[in-house]
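Visitor: Let me see the structure of the following:
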Amino acid sequence: MTTPPSEDPASSAGSVSSSGPVSSPATEAAVRLLTGLIAHGVRDIVLSPGSRSQALALAAVALARSGSVRVHVRIDERVAGFTALGLGREAGVPAAVVCTSGTAAAGYLPAAMEAFHAGVPLILLTADRPPELRGVGANQATIQPGMYRPWARSSIDAPVPGEADPTLFAELAADAVAVALGAPGEGLDGVAGPVHLNLPVREPLSGPMPDPLRAVLGSAPHLASGEPLRVRRGPRTLVVAGADAGPGAERIARVGGWPLVAEVVSGSRFGPHLVPAYRERLRDPALADRIERVIVFGHPTLSREVAALLRRTDLEAIVVRRGGERLNLSGVVVDTRAVEVEASAGADPDSVADAEAWLAAWARPAASSADGAGTGADRLLDRAALVRAVWAATGSDDRLLFGSSRIVRVADQALEGRDVRVHANRGLAGIDGTIATGVGIALAAQSGPAGRAPEPAGGAGVTRVLLGDLSLLHDVGSLLLPGDEPAPRIQVVVGNDGGGTIFDGLEVAGTAATEDLDRAFYTPQSVALAPLAAAYGWAHARAATPDELVRALSAEVAGPQLIEVPLAR
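Guide: This next block holds a predicted model:
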């Protein structure tokens, strides 16, 4: 077990204060666990209502009332899981999600899977029946211990409160944060991801709460990535940045003097070495066949050209891994947590000239084949005009989350380089929880100093979520936001083409009968989004022309907005 940085948070002066004893073992364990999480840097707790988890919920709201932590309540556990994922994505420290037993815990699975593959820290707290009520037909009891194990960096079935030293729960909290951030767990050391604490409790399920209940927010542990792999400048190298690569990929390309292929979801799509229209350049054998080495950051998923490159076995391939699964399409990669370029001394002029010629060859522009590649200035909006408008509207204080839809692929082909804070759930590239993730990002981005509630206006910029209509409808429950919590400053921009037209570009479009394709894949829809938004209390705007879209994107954002952009099928 990891020892907390000071004393036990449940008894340390200045960490927790109480006017009386805690009489319920469940409540005492909940207080020690949650104050332990806060002491190690957890700033946000996402709750879903339930009976078995009541001690955790009551402790969380008591801590929120004292300003010790931010609490977000979501009635849908899938929504709660992705809200926590978004909070962790933006803040870089895990949020905790709390639910009751039974099917509630299963609702976290999609978010846990995405967190594992994307390397996002997340702590799952699932209340459970005690051992004597498991496997005997008791109500709302299922097999919860280890239920996320393939995707969890650690899975612990905690002792029942009252059967172990209460300080154990503070130790569990310390370990959970550290492992979620990459400390040794059940394999995959050095990689962030989800941690599962299954928490069985017996009745009484809660008792008197210490009042006032306060905790001191501590710093999350900083885990070194180890000695970086040092690479020489010599070989003809291409730097590839996939989802979540971050600015480090751009820095390495610049320091090494190498061309940079950066997906629009990478957070690396800027700088002097960025390759324009990279797909076309990779299809050119005169360039692609000369590559000797590729250095990969993040998780590339948006183009078949990059996938084909990474399958080649004739290249030296170095992968800087962040997620929970090794990227190794060729079977012959060097896996590392960090990379640095060796300093060059007295490089020979011929080598320097070759490196400059290599970079210049990739810098030459190629014609883009983006879907709807026009500017949109003289006609109704198309997808390329939509993504360009959103890209242009997003400033340095803003956040942009791309959904997994046809639109992100258009954006990857149409958008020029720009230093924008970008997010995307490309660990598994699903459409699950896109809006919830965006809400979590927005709440984390607009929060003040750690431990304070998000400010309703001012401060950080706007979080924009750009997605398709089916992604919106798949996550429509995320539009339900509690009225007593700070509203996220978020614009959900939906390209509404009435169905799943992403399948136009996939093999099934050439093999399936038209009626089968329409029914089983396009799934046409005609949902009226304006009254849907109104029902959930979201502002709605419809932008059918470039000017209307610019006005909608530039409108003041004090709360959640839905911007609907009609697109042709």
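
Visitor: Give me the below-cutoff pLDDT ranges for the stretch 51-200 of the chain.
Guide: Low-confidence regions of the stretch 51-200 of the chain, defined by pLDDT under 70, span residues 187-188.

Visitor: any idea where the strands of it begin and end?
Guide: Per DSSP state E, counting those that start in this stretch, the stretch 51-200 of the chain has strands spanning 70-73, 95-99, 122-128, 154-157, 194-200. These are given in chain order.

Visitor: so the last one versus strand 122-128, what angle?
Guide: Orientation of strand 194-200 against strand 122-128 (axes from the mean of the first three to the mean of the last three CA atoms, to 10 degrees) gives an angle of 20 degrees.

Visitor: Okay, buried residues for strand 194-200 please.
Guide: 194, 195, 196, 197, 198, 199, 200 (16 or more other CB atoms under 10 Å). Just so you know, the C-beta spots here come from the backbone N, C-alpha and C atoms, and that holds for glycine as well.

Visitor: And it, what does it pack against?
Guide: When contacts are defined as 3 or more CB pairs under 8 Å, 6 or more residues apart in numbering; DSSP states H and E, strand 194-200 packs onto helix 25-39, helix 109-118, strand 122-128, strand 154-157, helix 167-180.

Visitor: Can I get the ones you listed in JSON lines including mean neighbour count?
Guide: Written out in JSON lines, the entries for those read as follows (neighbours: other CB atoms under 10 Å):
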{"stretch": "helix 25-39", "mean neighbour count": "28"}
{"stretch": "helix 109-118", "mean neighbour count": "25"}
{"stretch": "strand 122-128", "mean neighbour count": "28"}
{"stretch": "strand 154-157", "mean neighbour count": "19"}
{"stretch": "helix 167-180", "mean neighbour count": "24"}
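
Visitor: Toward the C-terminus from the lowest-mean-pLDDT helix or strand in the chain, list the very next helix or strand.
Guide: Within the chain, confidence by mean pLDDT, DSSP states H and E is lowest for helix 508-511 among all helices and strands, at a mean of 80. Proceeding C-terminally, helix 508-511 gives way to helix 514-517 as the next helix or strand, assigned by DSSP states H and E.

Visitor: Now do the next helix or strand after that next one, average pLDDT.
Guide: Counting by DSSP H and E, the next helix or strand C-terminal to helix 514-517 is helix 529-536. The predicted model assigns helix 529-536 a mean pLDDT of 98.

Visitor: Could you write out the alpha-carbon coordinates of helix 529-536 in PDB?
Guide: Extracted in PDB, the C-alpha atoms of helix 529-536 (Å, rounded to 0.1, in the frame of the first residue of the first chain):
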ATOM      1  CA  LEU A 529     -33.700  19.100 -32.500                       C
ATOM      2  CA  ALA A 530     -35.000  22.500 -31.500                       C
ATOM      3  CA  PRO A 531     -37.800  21.200 -29.200                       C
ATOM      4  CA  LEU A 532     -35.400  18.400 -28.000                       C
ATOM      5  CA  ALA A 533     -32.900  21.100 -26.900                       C
ATOM      6  CA  ALA A 534     -35.700  23.100 -25.300                       C
ATOM      7  CA  ALA A 535     -36.900  20.100 -23.400                       C
ATOM      8  CA  TYR A 536     -33.500  19.800 -21.800                       C
END
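
Visitor: helices or strands next to the helix or strand that it is followed by in the packing?
Guide: The helix or strand immediately downstream of helix 529-536 is strand 539-542, counting by DSSP H and E. Using 3+ CB pairs under 8 Å, 6+ apart as the contact criterion, the secondary-structure elements in contact with strand 539-542 are helix 529-536, helix 546-554, strand 561-566.

Visitor: In space, not sequence, find me the middle residue of the protein.
Guide: In the chain, the residue lying closest to the centroid (CA atoms, centre = their mean) is residue 89, at 4.4 Å.

Visitor: hang on, the earlier thing: please tabulate the buried residues of strand 194-200 in JSON lines and include distance to residue 231 as additional columns.
Guide: Converted to JSON lines, the buried residues of strand 194-200 look like this (distance: CB to CB, whole Å):
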{"residue": "194", "distance to residue 231": "31"}
{"residue": "195", "distance to residue 231": "33"}
{"residue": "196", "distance to residue 231": "37"}
{"residue": "197", "distance to residue 231": "39"}
{"residue": "198", "distance to residue 231": "43"}
{"residue": "199", "distance to residue 231": "45"}
{"residue": "200", "distance to residue 231": "49"}
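
Visitor: list the contacts for the residue nearest to the centre of the chain?
Guide: Shown here is residue 89, whose contacts under the criterion CB atoms under 8 Å, 6 or more residues apart in numbering are 118, 120, 423, 437, 440, 441, 444.

Visitor: can you do 6 Å?
Guide: Contact analysis of residue 89 by CB atoms under 6 Å, 6 or more residues apart in numbering lists 120, 423, 441.

Visitor: again with residue 44
Guide: For residue 44, the contact set (CB under 6 Å, 6+ apart) comprises 70, 87, 95.

Visitor: pLDDT wise, what is it at?
Guide: pLDDT recorded at residue 44 is 98.

Visitor: hmm, back to that, would CSV of the helices and strands packed on strand 194-200 with distance to residue 56 be doable?
Guide: Compiled in CSV, these are given as follows (distance: least, CB to CB, whole Å):
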stretch, distance to residue 56
helix 25-39, 5
helix 109-118, 18
strand 122-128, 6
strand 154-157, 15
helix 167-180, 11
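
Visitor: Out of the ones you listed, which is closest to residue 143?
Guide: strand 122-128 (9.8 Å; CB to CB).

Visitor: Give me the helices and strands touching the closest one, please.
Guide: Other helices and strands packing on strand 122-128, by 3 or more CB pairs under 6 Å, 6 or more residues apart in numbering; DSSP states H and E, are strand 95-99, strand 194-200.

Visitor: That one vs helix 25-39, what angle?
Guide: With the same axes, to 10 degrees as the criterion, the two stretches strand 122-128 and helix 25-39 enclose an angle of 180 degrees.

Visitor: What is the nearest of the buried residues of strand 194-200 to residue 261?
Guide: Out of these, the one with the shortest distance to residue 261 is residue 194. That distance is 29.8 Å, counting by CB to CB.
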